[in-house]
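>>> A structural model of the following input is requested.
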Amino acid sequence: MAHRLDETGANDVPSAGRAPSRRARRGGTPLPWSAPWWGVRQGPWSLLVLLVFTVLGTASAAPPMFAEASENAAFDSARAAVPAGARQSDADVIRLTASASPSSADQLAVLDEIRSIPGLSAPTLNGKSVGVELNKSALWESVLAHGGRGERARLFALPDPAEQLVAAPDGPVGRAGGGVWLPVPLARELGVKAGDPVTFSARTRNGDERHVDTTVAGSYQVAEDGRRPLDPPGRRDWSLRRSELPPDSALETLPAYLVIGDVATVEALADGVGDQMLWSVDAALAPGLTLAEGRVVADRIDLLRKRYVQGRSDGEILARRVASGIGTLSEQAGEVAAGARRRTLPLEWAAVLVALTSLVAVVAAALRRRDIELRHAVGAGTPTALVALLWSLEHLLPAALGGVLGWLCAWAVVGQVGPPGAVTALSVGPGLRLAAASMAVGVILVGVFAGAVAARRVRPAAPNTHRRRVPWLILLVAAAVTATAGLAAADRTDGDARSTDLLVPLLVFVAAGALGTRLLPWLIRAGWRRPGRPPRVTRPTPVWLARRRLASAAPGRAPVAAAVTAGLGMVLFALSGVAATRTTIDDRVAVRSGADTVATIEAAWQLDDDPVLAPPRPKHGEPPADAPAPEAHTPPLPARTTLVWRIDVTNAATFGTHQLLVADPAALVDVASWGHGPELARARRALSRLAAADPDAPKAGLPAIAVGVAGSEVDDLVQVEAGPWRERLRVVDAVDVFPRYAGEPMYVVSAGAAFPAFGPADPRLKPRDNLATGVFARTELWGASDVTVDAVLSAHGVQPRQLDTATQLRRRDIFVAAEQAGGYQVAVAGYLALLAVLALCVHAQRRAAADRPTDLMLARLGFGRSRVLLSRAVEQAALAAVALLCAVAGLLLLTPLAGRLLDVAPDEAPAFRLVVTPAALGAAALAALLAAGAATAVSGQRSGRGEEEAYRTDA
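Numbering: from 1, shown residues only. Prediction:
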């Protein structure tokens, strides 16, 4: 309270000769004015109060910062997951197209408006030839010629070609602003270099031909397909334009050779040969933008789209178009962040409520600590409202300082364990306001609690009133058992745990800690009284004294041990749960994706430079030819890539539909994703056994791995068929999951052993027409990286039907929400660990004050203060160790139910598995050591009162 009282409750009376204060001489009370300063002058206790207010401020300020970091992290992840060959409508860019000249007023106005949108890069103007597309009814092609040799080519315009092209290293560059740039293959075919004259011409079917002479400004390097310009380092302009580049005028499946020049040069060439140009304005989203800024850019683009598409200038023959994926990426990031917010909301409220409960517990301990002081204040006639006001004022400065520290801690915690997104003023300000509001609630709560206790002192209960003890331990254990049984019996198929379910770990740890502490004295006494070892001690030792204290039933030890166990247990549960969640997500992504990148293509022969043709189809009514089927082969592929075929087959015994996965086991081991869990590790070992079983294939059946087939055992024989192909499979191993496993029964076989039996139905054969029959197989190109797969596809000019990446699957809202919620769960566990330290410190301080007379007597008997302090250290270390053991035991009890609490998709394989990690155990042990050390330091503080006074007090 405001007037300082020692442990016995005696007031600090001004010493003789000290003049009373000016306010006292005027007759005013100094209590309200001195109360705030007394709150920070109580030594270690002030630090404990400051700690609990800091925890409360951290728990209150962290949610808005976490929400913004989650949004920005989801936005950054969505932008990073855009593949290199994505369309403009799927990427974080904007493209506006029109046929109007770039020198027109409309195009200049569009450029100015894009420049005015904050968050977009400087717009880039470019144009491409569309003469072929506009003359579909007649033959129209453009040719670049030199010295009697010519090759088909199309025009493309850039403001500064030298800036966006990678010049050939062995070729000189001509003067800027004149001539055209040629791809290296075209320049070599024509035999030209920089400065040579070339002729660009266009001819139609009726013989009309127009020519324009120009010069070569330089040659540029091309990508893997030999035609698309290579992206300069750190840029992806040409990769994003891949689907928009003009095709070859004769072979539309191939991109055209691009004759690139500046805007003025290309416009002159197009006008000279009668070509039509489609002009585009490109701009990209600046790096490092937040989701809020991205949404602003998306809104501005929507407004621009409405005005741009509706407007049209004279002479435009093509409709205007706006393509941008910024709005879509913003919406996807918002949905992911909303999922993470829903998952962390119960944790946020739990953290605040636990912090408020801890504040109440500290106030209750302070009221017991200053019971005599409160009794004197009530006896002196101090009103209850004044007592509440004094206690609120006393905690005002610790609350203010704790709120600021908590706000700073929240910022640091979110930055360290939260989502890897930026935290800006949009959430820092609200976080500070929430911290201030929580501090105000805490101060009011302190005053109300102190006033209620004072009011109870004013009207105490009758002396003969019998207080019935409540069996808290029995009730707590019963609540934990009931909650655990309810969670075990509940049906959780949606993957979302209820808010009440998240209290089950806390109840289990609290019950384990309280029960373990109650059993501790009995275990110590039972071990102390072993036969033949009488408890006779000639000279006390610190360990003997600590055992004696632990064997006694100290008041308040069970709640403290429960709090410490809860803090350490939640650290174990949170860190182990985060590790298990990451492992499960990695395994499920590996199972769903199969490899880092999987491209579904039409057939394997598309990647074969020399494909083998399928035998000719027999004519109607003719028997099939007796000639042997041509021997097909798998196209050679670079390292870390492989071809995989998926075929739907029918089980001849059950008529059930299974999936057959045909691959090269040796290549699949290096290309497929294998996660980190035991299920996929077993699948990898099974693939090695499949590769070893290939030589024995003709003996007893085609070796196969059974995946997800119920009741399948080794050496089982299964008859399967698909169209004209029929084969007997011999199971060499049975596993639960496998890369690219979709949940339905699947068999994995080796391509080298399976395809010879397919004959004319081999899916590697190139059909002679579109009516070829055989086995329908989904051909997939698996790669360990998207760059490798893109290089293979580009080298053969293949456009995939579908492109699946592990990064895209990892961006599922439930996966991102689970990973982001894991960081907040670790932060909440950190709060509880601090509260465990606080609880043990409060208990140590209370026990040191109560045992002060005993410690003084031991010192007079020669025991020494250092030994007393050492016995306290042993006692606190033993309590922390017991709490840690109880926490480990509680976590082992929770392990079978962890999936119901932490699994985001319980219906997916592999199953969630919680394992106590060494990092989690080390963090909990470190927290226990920190709690024991802090409690020892607090219990070793000297009391300011005299020795005789300590013998008389009952505090």
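
>>> Need the residue closest to the centroid of this protein.
Nearest to the centroid of the C-alpha atoms of the chain, with distances taken as Cα atoms, centre = their mean, sits Glu819, at 3.7 Å.

>>> Check which helix or strand that residue maps to.
Assessed by DSSP states H and E, Glu819 sits inside helix 813-850.

>>> Check Val428 too.
Element membership of Val428 [criterion: DSSP H and E] is helix 425-458.

>>> In stretch 782-792, which residues are buried?
For stretch 782-792, a neighbour-count test (16 or more other Cβ atoms under 10 Å) marks 782-786, 788-792 as buried. Where C-beta positions appear, they are placed from N, C-alpha and C, glycine not excepted.

>>> Val510 is in what secondary structure piece?
Counting by DSSP H and E, Val510 is found in helix 503-528.

>>> So which other helices or strands are in contact with that helix?
With contacts taken as 3 or more Cβ pairs under 8 Å, 6 or more residues apart in numbering; DSSP states H and E, helix 503-528 sits against helix 472-489, helix 542-551, helix 557-593, helix 865-894.

>>> which one of those lies closest to Ala351?
Evaluated over the helices and strands packed on helix 503-528, closeness to Ala351 peaks at helix 557-593, with 10.5 Å, by Cβ to Cβ.

>>> There's contact between Gly127 and Val263 in this structure, I believe.
Yes. Using Cβ atoms under 8 Å, Gly127 is in contact with Val263, at 7.1 Å.

>>> Which neighbours do these two have in common?
Here Gly127 and Val263 share the contacting residues 102, 157, scored by Cβ atoms under 8 Å, 6 or more residues apart in numbering.

>>> The helix holding Val428 packs against which elements?
When contacts are defined as 3+ Cβ pairs under 8 Å, 6+ apart, helix 425-458 packs onto helix 44-80, helix 326-369, helix 371-379, helix 384-394, helix 396-417.

>>> Flag every buried residue along that helix.
By neighbour count on 16+ other Cβ under 10 Å, the buried set for helix 425-458 is 426-428, 430-432, 434-436, 438-439, 441-443, 445-447, 449-451, 453-454, 457.

>>> One more: stretch 369-378?
Neighbour count says stretch 369-378 has 369-370, 372-374, 376-378 buried, by 16+ other Cβ under 10 Å.

>>> Now those residues in TSV, please, with extra columns for pLDDT.
Formatted as TSV, the buried residues of stretch 369-378 follow (pLDDT from 0 to 100):
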residue	pLDDT
Arg369	73
Arg370	76
Ile372	76
Glu373	77
Leu374	78
His376	76
Ala377	78
Val378	77
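
>>> out of these, who's nearest Val591?
Checking these against Val591 by Cβ to Cβ gives Arg369 as the nearest, at 57.6 Å.

>>> The closest one contacts Arg847, doesn't it?
No. In this structure, Arg369 is not within contact of Arg847 by Cβ under 8 Å, at 11.7 Å.

>>> Wait, Val378 touches Val453, no?
No. Counting by Cβ under 8 Å, no contact exists between Val378 and Val453, whose distance comes to 9.4 Å.

>>> Any regions of the stretch 501-650 of the chain where pLDDT drops low?
501-502, 525-540, 551-556, 617-629 (pLDDT under 70).

>>> Identify the residue spatially nearest to Glu713, adjacent ones excluded.
Closest residue to Glu713 apart from its sequence neighbours, by Cβ to Cβ, 6 or more residues apart in numbering: Ala734 at 6.3 Å.

>>> oh sorry, the question was meant for Leu858
Nearest to Leu858 is Val868, by Cβ to Cβ, 6+ apart, at 6.0 Å.

>>> How many residues are close by the one you found?
21 (other Cβ atoms under 10 Å).

>>> Quick check, it in contact with Met857.
No. Applying Cβ under 8 Å as the test, Val868 and Met857 come out as separate, 10.4 Å apart.

>>> residue contacts, the residue nearest to Glu713?
Ala734 sits next to 705-707, 709, 712-714 when contact means Cβ under 8 Å, 6+ apart.

>>> List just the nearest of these to Leu48.
Set against Leu48, the nearest of the contacts of Ala734 by Cβ to Cβ is Val707 (57.5 Å).

>>> So what pairs up with that closest one in the strands?
Bridge pairing for Val707 (DSSP bridges) gives the partners Val735, Met746.

>>> what about it, neighbour count?
Val707 has 28 nearby residues by other Cβ under 10 Å.

>>> worst-scoring helix or strand of the protein, pLDDT-wise?
When the helices and strands of the chain are scored by mean pLDDT, DSSP states H and E, helix 22-25 comes last with a mean of 43.

>>> Asn126 versus the nearest residue to Val130 once chain neighbours are set aside, what's the distance?
Closest residue to Val130 apart from its sequence neighbours, by Cβ to Cβ, 6+ apart: Leu278 at 4.6 Å. In this structure, Leu278 and Asn126 are 10 Å apart, going by Cβ to Cβ, to the nearest Å.

>>> who has more neighbours, the two?
More crowded of Leu278 and Asn126, by other Cβ under 10 Å: Asn126, with 25 against 21.

>>> In its sheet, which strands sit next to the helix or strand harbouring that one, and in what direction?
Element membership for Asn126 (DSSP H and E) is strand 124-129. Take DSSP bridges as the rule and strand 124-129 pairs in its sheet with strand 154-157 (antiparallel), strand 277-284 (antiparallel).

>>> what does the average pLDDT come to for the last one?
Read it as strand 277-284. Average pLDDT, strand 277-284: 85.

>>> orientation of it relative to helix 326-369 in degrees?
Here strand 277-284 runs at an angle of 10 degrees relative to helix 326-369 (axes from the mean of the first three to the mean of the last three Cα atoms, to 10 degrees).

>>> outside of strand 277-284, which residues touch it?
88, 92-102, 107, 110-111, 114, 117, 120-130, 155, 157, 237, 244, 266-267, 270, 318.

>>> Filter those residues down to the ones in strands?
Among the contacts of strand 277-284, the members found in strands (DSSP state E) are 93-98, 124-129, 155, 157.

>>> Distance of Thr517 relative to Arg646?
Taken as Cβ to Cβ, the span from Thr517 to Arg646 is 59 Å.

>>> The two: which is more packed in?
More neighbours surround Thr517 than the other of Thr517 and Arg646, with 25 against 19 (other Cβ under 10 Å).

>>> Surely that one touches Leu550?
No. Thr517 is beyond contact range of Leu550, at 9.6 Å (criterion: Cβ under 8 Å).

>>> what touches both of those two?
With Cβ under 8 Å, 6+ apart as the test, Thr517 and Leu550 both reach Leu879.

>>> Redo the buried residues of stretch 369-378 as a markdown table? Include distance to Thr597.
Below are the buried residues of stretch 369-378 laid out as a markdown table (distance: Cβ to Cβ, whole Å):
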| residue | distance to Thr597 |
| --- | --- |
| Arg369 | 64 |
| Arg370 | 67 |
| Ile372 | 74 |
| Glu373 | 71 |
| Leu374 | 70 |
| His376 | 77 |
| Ala377 | 74 |
| Val378 | 75 |
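
>>> out of the residues you listed, which one sits closest to Pro678?
Among these, and counting by Cβ to Cβ, the member closest to Pro678 is Arg369, at 52.5 Å.
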